[in-house]
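*Asks:* Would you be able to build a 3D model of this:
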Amino acid sequence: MKHIFYTPLTAAPFRQNNVHKEIQPASLAAARYIRCFWGSEKPYQKAEADSPPELIIPDTCADIIYHIDHTDHTVAGGFCGINDASFTYRDEAKPGHLISTFAVRFYAWGAYRFSEDPLVGTLNGYDDVQSRFRSLDQMLRPRLLEIQSLRERSHIAEEFFTGKLCRLRQNDIINHAVGQITAQSGTLTVVELAKECFINSRQLERLFGEYIGITPKKLCSLVRYQCLWNEILRNPGFHIQDAVHKYRYTDQSHLMREFRRYHTMDIRSAKIYACGDVGNIQYTHSRLR
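*Replies:* Numbering: from 1, shown residues only. Next up, the predicted model:
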């Protein structure tokens, strides 16, 4: 089932423009595994001046990302596994070149369904798409220079994924564990999660490493952080002491320390970065509904 109560967010979830736009899967079946398709609406000329680096936070997602240089007629594609730390990204495309981007963002537990190899070792990694998604890459990469609109690219990729739905890799223990983690907002301990899955902790960790590329303890921690980040942006009446209790933090200092560890800044600065300015918070809150 799709985890409709869990919606991971980026550091700047409201910034939609011609360079970066997100499209939701049209198929409900595909939406169970794919968070969104994203990229540039159409090719654009890379500016001569450097743009500021973009903050990438742990969003419990894994991405296939293609960078297309229409001037050089080249396509570079990579698979970015789930991250457990923030980093900054700067576009390294050549100034003056006509470029575009196309990407597929999976829920972390959705990527393995379409992968042709285990996801062990992909944490914080970036590999060629061919290493785990060969059939997708063989179909999609040659068409990205020819098909230039984000919507058309998304449609073609989604057709590929929906065509694979009847032959997906499946693990019932992983499915149940992820359902429990998201339903409980990442507040379960590994012992509690293993008990829910009728399996011992060591076996659960081995399965998570193979199918998701991360330990269950780390996934719980990241889901809790993402649920907290959602509430910070969605709830105009957010109160930190209520969040301490709701998400089972030890105290306020524990919550703030863990948020800064994953986000690289405090809550107030994170809201300003996400919303542009404090005055936009009420407006952007309505856009998240």
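*Asks:* What separation is there between the residue nearest to the spatial centre of the chain and Leu9?
*Replies:* Most central in the chain under CA atoms, centre = their mean is Cys61, positioned 2.7 Å from the mean C-alpha point. Per CB to CB, to the nearest Å, Cys61 is found 10 Å from Leu9. All C-beta spots, glycine's among them, are computed from the backbone N, C-alpha and C.
*Asks:* Pro25 now?
*Replies:* 17 Å.
*Asks:* same deal with Lys246?
*Replies:* 17 Å.
*Asks:* tell me the SS of the residue lying closest to Lys246 once chain neighbours are set aside?
*Replies:* Leaving aside its sequence neighbours, Lys246 sits nearest to Ser185 (CB to CB, 6 or more residues apart in numbering; 7.5 Å). The local conformation at Ser185, judged by DSSP: H, G, I helix; E, B strand; the rest coil, is coil.
*Asks:* can I assume Ser185 is in contact with Ser221?
*Replies:* No. Using CB atoms under 8 Å, Ser185 makes no contact with Ser221, being 11.3 Å away.
*Asks:* before we move on, back to that, mind checking which of Pro25 and Leu9 has more residues around it?
*Replies:* Neighbours per residue (other CB atoms under 10 Å) separate Pro25 from Leu9, with Pro25 holding more: 21 against 18.
*Asks:* Wasn't that one part of a helix?
*Replies:* No. Under three-state DSSP, Pro25 sits outside any helix and is assigned coil.
*Asks:* Check whether it really touches Cys36, as I assumed.
*Replies:* Yes. The pair Pro25 / Cys36 is scored as a contact, 7.3 Å apart, by CB under 8 Å.
*Asks:* So for stretch 55-70, first residue to last residue, what's the gap.
*Replies:* Distance between the two ends of stretch 55-70: 26 Å, counting by CA to CA, to the nearest Å.
*Asks:* Could you do stretch 207-216 as well?
*Replies:* 9 Å.
*Asks:* who's in contact with that stretch?
*Replies:* By CB atoms under 8 Å, 6 or more residues apart in numbering, the residues outside stretch 207-216 that reach it are 62, 81-82, 84, 108-109, 111-112, 118-123, 169, 171, 173-174, 177, 181, 190, 193-194, 199, 204-205, 219, 222.
*Asks:* In strands only, show me those.
*Replies:* In strands, judged by DSSP state E, the following of the contacts of stretch 207-216 are found: Ala62.
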